[in-house]
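Undergrad: the sequence and its predicted three-dimensional model are supplied below.
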Amino acid sequence: MNKADTPIAPTTGFLRLKQVLQFIPVGKTAWYAGIKEGRFPRPIPLGSRTMVYRAQDIADLIDRINQGQGATDYEE
């Protein structure tokens, strides 16, 4: 994948799980386990069947991972 193909994470708005997993290389099961353990941000319900994540929360998580801090102790 070259630079032109690399997705850029937005810092505003909301992301669905499919979009989040383009930036955080884990599977759905690992993602949900990370939420339960407090390592990943909790989703926000938009409706009875629609959950989203704050783009800023995901950007902050990516920054922490890039700085070598890992995805531990997520604070809302």
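TA: Thanks, I have the structure now.
Undergrad: please, where are all the strands along the protein?
TA: Under the criterion DSSP state E, the chain contains strands at 14-15, 44-45, 51-54.
Undergrad: what residues sit buried inside the longest one?
TA: Right, strand 51-54. Neighbour-count burial for strand 51-54, counted by 16 or more other Cβ atoms under 10 Å, picks out 52-54. All C-beta atoms are positioned from the backbone trio N, CA, C, and that covers glycine.
Undergrad: one more: stretch 15-29?
TA: The neighbour-count check on stretch 15-29 (16+ other Cβ under 10 Å) flags 15, 19-20, 23-24 as buried.
Undergrad: now, which of the residues you listed lie within helices?
TA: Among these, the ones falling in helices (DSSP state H) are 19-20, 23.
Undergrad: out of the residues you listed, which is nearest to residue 29?
TA: Minimum distance to residue 29 across these is 14.0 Å, recorded for residue 20 (Cβ to Cβ).
Undergrad: need the contact list for the closest one.
TA: Neighbouring residues of residue 20 by Cβ atoms under 8 Å, 6 or more residues apart in numbering: 31, 53, 58.
Undergrad: cool, and residue 44?
TA: Taking Cβ under 8 Å, 6+ apart, we find residue 44 in contact with 14, 51-54.
Undergrad: and of those residues, the nearest to residue 42?
TA: Distance to residue 42 across the contacts of residue 44 (Cβ to Cβ) is lowest for residue 53, with 8.3 Å.
Undergrad: verify the stated contact: the closest one with residue 10.
TA: No. Contact criterion Cβ atoms under 8 Å: residue 53 and residue 10 do not qualify, at 11.0 Å.
Undergrad: I'd like to know how many residues surround residue 57.
TA: Neighbour count of residue 57, defined by other Cβ atoms under 10 Å: 19.
Undergrad: buried sites along the helix or strand of the chain with the lowest mean pLDDT?
TA: One helix or strand of the chain scores below all others by mean pLDDT, DSSP states H and E: helix 55-66, with a mean of 92. Using 16+ other Cβ under 10 Å as the test for burial, helix 55-66 gives 55, 57-59, 61-62.
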